[in-house]
Structure formats: structure tokens, C-alpha cells
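Asker: Predicted model and sequence follow; I will ask about them next.
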Amino acid sequence: MLAGRGVLRLVALGAFLGGMGLAQAQDKKKPAPDTGISYAKQVYPILNDRCQPCHYAKDKKGGLDVSTYAALMKGGKSPKCIVPGQPESSLLIKDIVGKDPPMPKNANPLTEPQIDLITRWIKEGARNN
């Protein structure tokens, strides 16, 4: 009877340790949550609403198309529209900040939260996440 309890304890211990290993393996498979700014969910909606009326594939004012991530990153007449990690060197930021920013042309300026979001996205590396 004592031998039976010892076997049961070993089986229980093995199941416990095996379960822990499985849980750890599953945790390793999960990608870390992305805490950065999302281009698709946060930046693109601003560009789509405020910039795309003038900067889209058929009417690229200044040669700039903001309708896709790839087109935005390509830039327009100035290829430095977005400089990942460097909002201060990015023409997009230069064009939307200030007391009377040149963009969006003939429209209300972007709000401070919109500008801050785009600036932070560029500072984080302007990823297409």
C-alpha cells in the first residue's frame, strides 16, 4: 500500500511538472503585446481623414500619396516625408506643426493630440504594425 502511494505521488508530481512545462511552452509561443502606436488603427485614420483628400494615388499633390503605408514611406517630391525615429527630420511633422501650419491646406489644422500621436509613431520607428 505504501509503495502504491509513492507511485501515485510520483505520477502526480510528474503530471504537475509536465503541466508547468506545457504552460511555459505555451507562454513562449505567445508574442509579446505590441504597446506601440498602431499605424493601421491610429495613424492611418488621421491621414485618411485629414490628408488623403489632397494626397492620394490619383491626385498626389507634391507627389505625395498617403493612401497606403508604402506610398507614405516612399514620400513625394521630398523623399523625407517620414524619417523613422526622427520626427524632427520628417517633413510631415514640419508641415503640420506651428501656429499656422501649411498643411492641411485650406482646412483646420490637426489637433494637438493628432500631432502628438503621429510624432510618437515616427519617434517609435514609424512601423507598419
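Answerer: Structure received.

Asker: Show me this structure divided up by domain.
Answerer: When the chain is parsed with automatic domain parsing, its domains come out as 1-30, 39-123.

Asker: OK, contacts around the most centrally placed residue in the chain?
Answerer: Nearest residue to the geometric centre of the chain (Cα atoms, centre = their mean): residue 38, 2.8 Å. Each residue near residue 38 by Cβ atoms under 8 Å, 6 or more residues apart in numbering is listed here: residue 129. Where C-beta positions appear, they are placed from N, C-alpha and C, glycine not excepted.

Asker: mean pLDDT for the domains of the chain: which is lowest?
Answerer: Per-stretch mean pLDDT for those is lowest at domain 1-30 (a mean of 53).

Asker: For residue 67, the count of nearby residues, please.
Answerer: Neighbour count of residue 67, defined by other Cβ atoms under 10 Å: 17.

Asker: my guess is it contacts residue 54, does it?
Answerer: No. With contacts counted by Cβ atoms under 8 Å, residue 67 stays clear of residue 54, the gap being 11.3 Å.

Asker: returning to what we had before: backbone dihedrals for the residue nearest to the centre of the chain, both of them.
Answerer: When read as degrees, to the nearest 10, the backbone of residue 38 gives phi -90, psi 120.

Asker: Report the separation between it and residue 52.
Answerer: Separation of residue 38 from residue 52 (Cβ to Cβ, to the nearest Å): 18 Å.

Asker: same thing with residue 128?
Answerer: Residue 128 is 17 Å from residue 52, where distance means Cβ to Cβ.

Asker: need the strands for the protein, in chain order.
Answerer: Assigned by DSSP state E, the strands in the chain fall at 55-56, 59-60.

Asker: Grab the nearest non-local neighbour of residue 105.
Answerer: Once flanking residues are discounted, residue 105 sits nearest to residue 54: 6.6 Å by Cβ to Cβ, 6 or more residues apart in numbering.
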